[in-house]
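Enquirer: Have a look; sequence and predicted model below, questions after that.
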Amino acid sequence: MNAHSTSESSEAYIALGANLGDREDTLMEALRRLDESPDITVLECSHIYETEPVGYVDQPLFLNMAVRVRTGLDPYGLLHIMQHIEKELGRVRHIRWGPRTVDLDLIWMEGKREDTEELILPHPRMEERLFVLAPLKDIVPEDETSGLRIILLAALERLDGKEGLQLWKTCSWHSASAPSGS
Ligand SMILES: Nc1ncnc2c1ncn2[C@@H]1O[C@H](COP(=O)(O)OP(=O)(O)OP(=O)(O)O)[C@@H](O)[C@H]1O
Ligand SMILES: Nc1nc2c(c(=O)[nH]1)N=C(CO)CN2
């Protein structure tokens, strides 16, 4: 067990975005690396959407998606793996909300709340971002009980529309580590 391992596993939701290079290829590689990490299994992935940039608008279109994972790591352990993958895949930080090879945001972890300089959970901007909410809707189970589904449906109703987002592709990625049928 490392310092960030816990005795119980929990489900978490990660949003991914890419708008430089081969966007789809990078997203799939990020999924593979997440799933190959000790203590992380990618359970399900959303469709992939092409989205107009939000925040800093003078940049290429994004591909966005989300994944549901099971992990025995605590939130910081999971965040560090996500940041390591971003770095390995060539992300360099220049402009806030600017172009990036790949971005992984930790959106929700069941039963976990954080408010530190390093990590805010649930993600503070999730409810205003259709590029996060639409993919999440694909993968949050109808019987989800930790509160995410309620927040998600209310936020989608408030946004009321799908402007700036279109379906790009159904995700064809399959976990190498999940037991078959999961
Ligand atoms: N829930 C979270 N998921 C990912 N990073 C977070 C989270 N909460 C806080 N952070 C911190 O935010 C910092 C900036 O992250 P990042 O560069 O990915 O921001 P961004 O993608 O440009 O903007 P945004 O945070 O609006 O998505 C990171 O160094 C990280 O420590
Ligand atoms: N469409 C879209 N716009 C963005 C995105 C993103 O992933 N997709 N990420 C941002 C910073 O997290 C800022 N703006």
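Expert: That came through, no problem. Residues are numbered from 1 along each chain as shown. Ligands and ions are numbered 1, 2, ... in the order given.
Enquirer: Could you use CA atoms for every contact and neighbour count after this?
Expert: Will do.
Enquirer: where does this protein dip in pLDDT?
Expert: Applying pLDDT under 70 to the chain picks out residues 1, 91-94, 176-182.
Enquirer: which one's the longest strand in it?
Expert: Ordering each strand of the chain by length in residues (DSSP state E) puts strand 5-18 first.
Enquirer: State the number of residues packed around the residue lying closest to Leu73 once chain neighbours are set aside.
Expert: Nearest non-adjacent residue to Leu73, counting by C-alpha to C-alpha, 6 or more residues apart in numbering: Ser5, 4.5 Å away. As a burial measure, Ser5 scores 17 neighbours (other C-alpha atoms under 10 Å).
Enquirer: and the longest strand of the chain, anywhere near ligand 1?
Expert: No - on the criterion C-alpha under 6 Å from any ligand atom, strand 5-18 is out of touch with ligand 1, staying 8.2 Å away.
Enquirer: quick revisit: my guess is the residue nearest to Leu73 meets Leu78, correct?
Expert: No - applying C-alpha atoms under 8 Å, one finds Ser5 not in contact with Leu78, separated by 9.5 Å.
Enquirer: mind listing the helices in this protein by residue range?
Expert: 23-36, 75-88, 130-139, 148-159 (DSSP state H).
Enquirer: closest one to Ser175 among those helices?
Expert: Closest approach to Ser175 among the helices of the chain (C-alpha to C-alpha): helix 23-36, 6.8 Å.
Enquirer: And that closest one, what's buried?
Expert: Residues of helix 23-36 classed as buried: 23-24, 26-27, 30-35 (neighbour count, 16 or more other C-alpha atoms under 10 Å).
Enquirer: just to revisit the earlier point, so how far is ligand 1 from the residue nearest to Leu73?
Expert: Distance from Ser5 to ligand 1, counting by C-alpha to the nearest ligand atom, to the nearest Å: 18 Å.
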